[in-house]
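1. attaching a predicted model along with its sequence, questions to come.
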Amino acid sequence: MATHTELGLSDHEYALILAGLGREPGPVELAMLSLMWSEHCAYKHSRRLLGRLPTDGPHVLVGPGENAGAVDVGGGLAVAFKVESHNHPSAVEPFQGAATGVGGILRDVFALGARPIALLDSLRFGEIADSARSRYLLERAVAGIGHYGNSIGVPTVGGEIYFEAEYEQNCLINVMAVGLAPHERLTSSAAVGVSNSLVLLGALTGRDGIGGASVLASAELSGGEDAKRPTVQIGDPFAEKKLLECCLELLDLGLLASLQDLGAAGLTSAASEMAAKGGVGIDIDVASVPLRETDMEPFEIMVSESQERMLCVVEPARVAAVLEVCERWEVLATPIGQVTEPAGGVGAFRVLRHGRVVGELPVSLLVDDCPRYDLAPEAPPRGLYPAPARRLDPSASAGETLLALLACANLASRAPVFTQYDPVVGSRTVRRPAEGDSAVLVLDNGAAIAVAIDGNGRRVAVNPRAGAAEAVYECAANLACAGAEPLGLTNCLNFGNPEKPHVAWQLAEAVDGLAGACETLGVPVVGGNVSLYNESPDGPILPTPVVGMVGLLPDPERAGRTGFLQAGDVIALAGRFHPSRDGSEIAKLHGLAPEGELPTKDLGGLAATHALIRDGVRSGVFHSAHDIAEGGIATALAECVLAGGVGAEVTLPDGLDPFGEDLGTAFIVSGPAAQLSGRDGLAVLGTVGRERLVIAGLLELDLSELTAAHVGSLAVALGEGVGPG
């Protein structure tokens, strides 16, 4: 039998368990507690921080605490969404790690009763120009995402990828899923109804994934990835497709009292969280669980993370009907236990084998009594992150600099990656990757939603509070460019070891930055995920809070575009833009570490600027809108030229750094001169036309030069591994 320290529990935590139980835990109980008290399941270093985030809003239907959040989009429809990580498993086995990350987040969405309609990915890898390992991880992770999403028939409509040396040993695979449901189908995971049956749906339970996400994500990677491969789950998108359709039919028929997906910690986590939310007890007989391997021990059955499984609560009179629906969908369905009466207000989680109790724990001990740790934050000294290799001579001309920025891995065309994903299956996609700053999907009520996902680890490394806030501002800016008003936000907080003071400081500062930005823009947080211990002997990752956002626009026909479209249109700058090179892409090209200061934003005018862009897109006054982000205003102009296939001639305001950055605050828009000239909040820069980009006194580049730099570099770096075909 493994000791508590071998299972990741500290001596202090084990003492708390002994006090809570009044005895030594048995093997099954210790295994269950070790996973439920892991960082991945208990959020023991982050839960107190997360209470700072605003969660109330006029459109919120389901907030934090359920499998996913949900917002009202009118016409009796709800949009459910969430982002989660599968970082450590993907660093060990990138194809299955990324694939099962997709499968897991899809289950979170349809566990709420929503049909998944879109996926977005936020990915981080090491420097692919220098590292064969990072090229391999990218190639296999992208293949895994494409395999699962394409096979199950959910479009991958957007995302982002960044490459930094700090992600070399710890790649980040964050996946966001978006679903659609009528209000009446939204479902809770709380177990209700004493004597109701627990029915396990889906795949057989095997040893794959035992101690997987819950253990891998609760400790630093320390080498020996091959030895960890058995802890990575194996996914089957075709089985999940049947499970998805079966669950939605069961909900439509009103046959389920509650529904929960099985992810990290398997049956232990799913059943205990259902019981805690419902204030009841749970009995599970492991002898009833259908197994892939017949010699599995009770503790293995309880902590297995085998994929494509759901747990539901069913009234006894409806069990036969549930089994009949599952049989039609060829989904295995097995009653494995029941809801029990809490004794003295305390529910018990009993694990039985052929009716004999092999483990019994208070539900509260599993779910609520894990200690919550206060962090000991301490600002790090300078030099925490080393300077990258210099890839551009400081004496390079402005034209050479722009071409280098367009060609660098963080700004080059993502076509070699996103062409592996199906962005249009389901026939809802109005704006696909590269057509706009946000993906846009049409809804059944005639309106549309825009969805985006953003984050920038280099900027957060410079200033965690300001950099995390920028992720919110940029995500909202991307929605504004589509013409959408933000309804809600989800996040995934990817950081190193929180027991180290400088990581604790980064995490605390970033959460404060997220909270402040959400309050500034009035965007509630409806759910999210925390991924800590993203660290190896080489050091921590860049602090990487990732933000996903959903917004509403009334008319999908008016959804905004990135590219300049019409020769003769006026080009204008909107917003208060205060660029800086600290933490920027140009600084990285010059071999500078992510240090310095980020620009101070005029927050009083930020919401008004976003509204200006949103209203201009919706009214048709703006023919295009694009936020200024990485690479500065020169890069943003080049991206507008490339996306539209038509050139531009502009003059920048005196003293404006063409390559400095200030994310989420300023925009490039184009439209008729009669509409834009003299309009409040806009500064005219020039006009659309010809086949080159001219920035007066700075550079002049043909469209063909811009295209050659932007399109080919990522494909060349990846060789034959990742590409359209």
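-> Cool, got the structure.
2. list the residues that contact the residue positioned nearest the centre of the chain.
-> The chain has V83 as the residue nearest its centroid, 3.4 Å off, counting by C-alpha atoms, centre = their mean. V83 makes contact with 105, 120, 122, 174-177, 453, 490-492, 528-529, 546, 548, according to C-beta atoms under 8 Å, 6 or more residues apart in numbering. Placement of C-beta: from N, CA and C, glycine included.
3. would you map the strands across the stretch 251-400 of the chain?
-> Using DSSP state E, counting those that start in this stretch, the strands of the stretch 251-400 of the chain run over 258-261, 281-285, 309-314, 333-340, 348-353, 356-362.
4. most tightly surrounded among the ones you listed?
-> Burial of the strands of the stretch 251-400 of the chain is given as mean neighbour count (mean count of other C-beta atoms under 10 Å); strand 309-314 ranks first at a mean of 27.
5. could you spell out the sheet neighbours of it, each with its direction?
-> strand 197-202 (antiparallel), strand 258-261 (antiparallel) (DSSP bridges).
6. now render those strands as TSV, adding mean pLDDT and distance to V503.
-> Supplementary listing: the strands paired with strand 309-314 in TSV, determined by pLDDT from 0 to 100; distance: least, C-beta to C-beta, whole Å:
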stretch	mean pLDDT	distance to V503
strand 197-202	98	37
strand 258-261	97	30
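7. same list (these) but as CSV, adding distance to K242.
-> Output for the strands paired with strand 309-314, formatted as CSV (distance: least, C-beta to C-beta, whole Å):
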stretch, distance to K242
strand 197-202, 9
strand 258-261, 15
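8. which of these sits closest to I449?
-> Among the strands paired with strand 309-314, strand 258-261 comes nearest to I449, with 22.9 Å by C-beta to C-beta.
9. who touches that closest one?
-> Contacts for strand 258-261 (C-beta under 8 Å, 6+ apart): 67, 104, 107-108, 111, 113, 187-192, 247, 251, 270-271, 273-274, 278, 309-313.
10. return the distance of it from the chain's centre.
-> 21 Å (C-alpha atoms, centre = their mean, to the nearest Å).
11. how about stretch 412-422?
-> The chain centre lies 18 Å from the centre of stretch 412-422; the measure is C-alpha atoms, centre = their mean.
12. ok, now stretch 625-636?
-> Distance, centroid of stretch 625-636 to centroid of chain: 23 Å (C-alpha atoms, centre = their mean).
13. and stretch 517-527, by the same measure?
-> Centroid displacement of stretch 517-527 relative to its chain, using C-alpha atoms, centre = their mean, is 16 Å.
14. quick check: buried residues in it?
-> A517, C518, T520, L521, V523, P524, V525, V526, G527 (16 or more other C-beta atoms under 10 Å).
15. in helices only, show me these.
-> When those are checked against helices (DSSP state H), the matches are A517, C518, T520, L521.
16. verify the stated contact: the last one with A607.
-> Yep, that's L521 we're talking about. Yes - checked against C-beta atoms under 8 Å, the pair L521 and A607 is within contact range at 5.8 Å.
17. you'd agree the residue nearest to the centre of the chain is in a strand?
-> Yes - under DSSP: H, G, I helix; E, B strand; the rest coil, V83 falls within a strand.
18. how far away is it from D72?
-> Here V83 is placed at a distance of 20 Å from D72 (C-beta to C-beta, to the nearest Å).
19. picking up where we left off before, closest to A239 out of the strands paired with strand 309-314?
-> strand 197-202 (6.8 Å).
20. who touches that closest one?
-> Outside strand 197-202, the residues that reach it (C-beta under 8 Å, 6+ apart) are 191, 239-240, 243, 246-247, 262, 267, 271, 282-284, 289-290, 308-316, 319, 322-323, 326, 331-339.
21. can I get it as PDB, trimmed to CA atoms?
-> Output of strand 197-202 as PDB, limited to C-alpha atoms (Å, rounded to 0.1, in the frame of the first residue of the first chain):
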ATOM      1  CA  SER A 197     -30.300   5.500  -8.800                       C
ATOM      2  CA  LEU A 198     -26.800   6.400  -9.900                       C
ATOM      3  CA  VAL A 199     -26.300   5.300 -13.500                       C
ATOM      4  CA  LEU A 200     -22.900   5.300 -15.200                       C
ATOM      5  CA  LEU A 201     -23.000   6.000 -18.900                       C
ATOM      6  CA  GLY A 202     -20.400   5.500 -21.600                       C
END
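22. how many degrees apart are it and strand 281-285 in direction?
-> With axes from the mean of the first three to the mean of the last three C-alpha atoms, to 10 degrees applied, the angle from strand 197-202 to strand 281-285 works out at 50 degrees.
23. centre of the chain to strand 197-202, how far?
-> Relative to the mean C-alpha coordinate of its chain, strand 197-202 is positioned 28 Å out (C-alpha atoms, centre = their mean).
24. next, the buried residues of that strand.
-> S197, L198, V199, L200, L201, G202.
25. does the fourth one have beta-bridge partners, and which?
-> I take that to be L200. L311, T334.
26. count the neighbours of P594 for me.
-> 27 (other C-beta atoms under 10 Å).
27. same thing with G591?
-> By the criterion of other C-beta under 10 Å, G591 has 13 neighbours.
28. can you check E597 too?
-> Other residues within reach of E597, judged by other C-beta under 10 Å, total 11.
29. check E327 too.
-> 12.
30. contacts only, for it.
-> Applying C-beta under 8 Å, 6+ apart to E327 gives the contacts A333.
31. state the distance from it to A333.
-> Per C-beta to C-beta, E327 is found 8 Å from A333.
32. buried residues in the helix or strand harbouring G144?
-> Element membership for G144 (DSSP states H and E) is helix 132-152. Using 16+ other C-beta under 10 Å as the test for burial, helix 132-152 gives 134-135, 137-152.
33. which helices and strands sit right next to that helix?
-> In terms of contacts (3 or more C-beta pairs under 8 Å, 6 or more residues apart in numbering; DSSP states H and E), helix 132-152 is packed against helix 87-92, helix 94-111, strand 115-125, strand 156-163, strand 172-182, helix 237-252, helix 703-718.
34. mean pLDDT lowest where, among these?
-> Among the helices and strands packed on helix 132-152, helix 703-718 carries the lowest mean pLDDT, at a mean of 85.
35. so which elements touch that one?
-> Applying 3+ C-beta pairs under 8 Å, 6+ apart, one finds that helix 703-718 contacts helix 132-152, helix 398-407, helix 415-418, helix 632-644, strand 692-695.
36. so how far is that helix from its chain's centroid?
-> 28 Å.
37. list the contacts of that helix.
-> For helix 703-718, contacts defined as C-beta under 8 Å, 6+ apart pick out 128-129, 135, 138-139, 402-404, 406-409, 411-417, 638, 641-642, 645-647, 691-693, 722-723.
38. repeat that for stretch 436-444.
-> Identification of contacts with stretch 436-444 by C-beta under 8 Å, 6+ apart yields 73, 75, 77, 79, 117-118, 120, 157-158, 178, 180, 423, 428-433, 448-452, 477-479, 481-482, 484, 551, 553, 556, 559-562, 625-627.
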